[in-house]
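# Here is the input, now give the coordinates:
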Amino acid sequence: MGDEIKGIVNDKFLDRKASNKVMSISAVIFVIAMVGLFTQGFGILKDKDVGINLTIGDAPVLGNLDAPITIFEFSDFSCPFCAAANGYNEEAIALLKKSDVNWEAAMPKVIEEYVKTGKAKIVFKYARGHGTGQSAQIIGWCLNEQGLFWEFHDAAFANQGDISNFDKMKQVALSLGADKNLLDSCLSSNKYNSKLNEDDNYSKGLGVSGTPTFFVNGDKIEGAQSFSVFKEVIDNTLNYR
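Here you go, the predicted model:
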């Protein structure tokens, strides 16, 4: 009887020990998972969104339409970090370099290394960031009809201090060689006014909560991340095709 009781006690002790071990392992896994969740991949703000509905529609496109990599840029001309991602707004760039001395503006190098070589194309979608770039955005869409969207895209970011001034943004458009009559006709038609909400609602449906946000063949990159982050995602995607 003594041996039986001892055996039962030992079995319970072993069960309790095993149970405690499982609980400890589960706790560690939970902590790791939570850290990964809140840091979005331990500091690298990118994740794979399976089943998202990314459609180009009538959005401006830079690059070869048949390029294997499609980069969606959800942006707002009034957003300082959107400008920084494109190599503009020295104040925002300085802040990014302060937190990462190796930070490089992503989009100029993406264009040079991947768009110009036919490996990638960029699709621009409006997402309401700072919310004062609506006039510039409508001008941009009108200029897309004249094949000048991307020139205006860069010029708008370069003149971000005037972004909420309709007349100054229109002058920027004309300085790029826009046809004034075509531009005036497009603007007076108000044909793109509703597109502001359409694009913004579309971005929210994809989980875009801030600008800039990029999708590289379904991989989300949030914020003005350094070129190295984009390079890693693009190269991995190209290598696995």
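# Is E112 in a helix, a strand, or coil?
Following DSSP: H, G, I helix; E, B strand; the rest coil, E112 is assigned to helix.
# Would you mind measuring from it to F74?
Going from E112 to F74 by Cβ to Cβ, to the nearest Å gives 22 Å. C-beta here means a position set from N, CA and C on the backbone, and glycine is covered the same way.
# Then P68?
Using Cβ to Cβ, P68 is found at 21 Å from F74.
# likewise E232?
Between E232 and F74 the computed distance is 20 Å (Cβ to Cβ).
# For the protein, just list every one of the helices.
2-39, 80-85, 90-99, 106-110, 134-144, 149-158, 166-175, 180-189, 193-205, 227-239 (DSSP state H).
# where in the protein is pLDDT low?
1-52, 241 (pLDDT under 70).
# how many other residues sit next to the closest residue to N86 other than its chain neighbours?
Nearest non-adjacent residue to N86, counting by Cβ to Cβ, 6 or more residues apart in numbering: M107, 4.6 Å away. Neighbour count for M107, taken as other Cβ atoms under 10 Å: 27.
# Show me how this structure divides into domains.
Under automatic domain parsing, the residue ranges defining each domain of the chain are 1-39, 46-239.
# Just say which of those is most tucked in.
domain 46-239 (a mean of 18; mean count of other Cβ atoms under 10 Å).
# Show me how far that domain is from its chain's centre.
9 Å (Cα atoms, centre = their mean, to the nearest Å).
# any idea how far L143 is from F149?
Relative to F149, and taking Cβ to Cβ, L143 is found at 5 Å.
# again, but for V233
As judged by Cβ to Cβ, V233 and F149 stand 24 Å apart.
# again, but for K98
For K98, the distance to F149 - Cβ to Cβ - is 32 Å.
# K195 touches Q134, doesn't it?
No. Using Cβ atoms under 8 Å, K195 makes no contact with Q134, being 10.3 Å away.
# For D154, give me its contacts.
D154 sits next to N86, Y88 when contact means Cβ atoms under 8 Å, 6 or more residues apart in numbering.
# now do 7 Å
N86 (Cβ atoms under 7 Å, 6 or more residues apart in numbering).
# That one and Y88, how far apart?
For D154, the distance to Y88 - Cβ to Cβ - is 8 Å.
# V229 now?
19 Å.
# N86 and F157 touch, don't they?
Yes. Judged on Cβ atoms under 7 Å, N86 makes contact with F157 at a distance of 5.2 Å.
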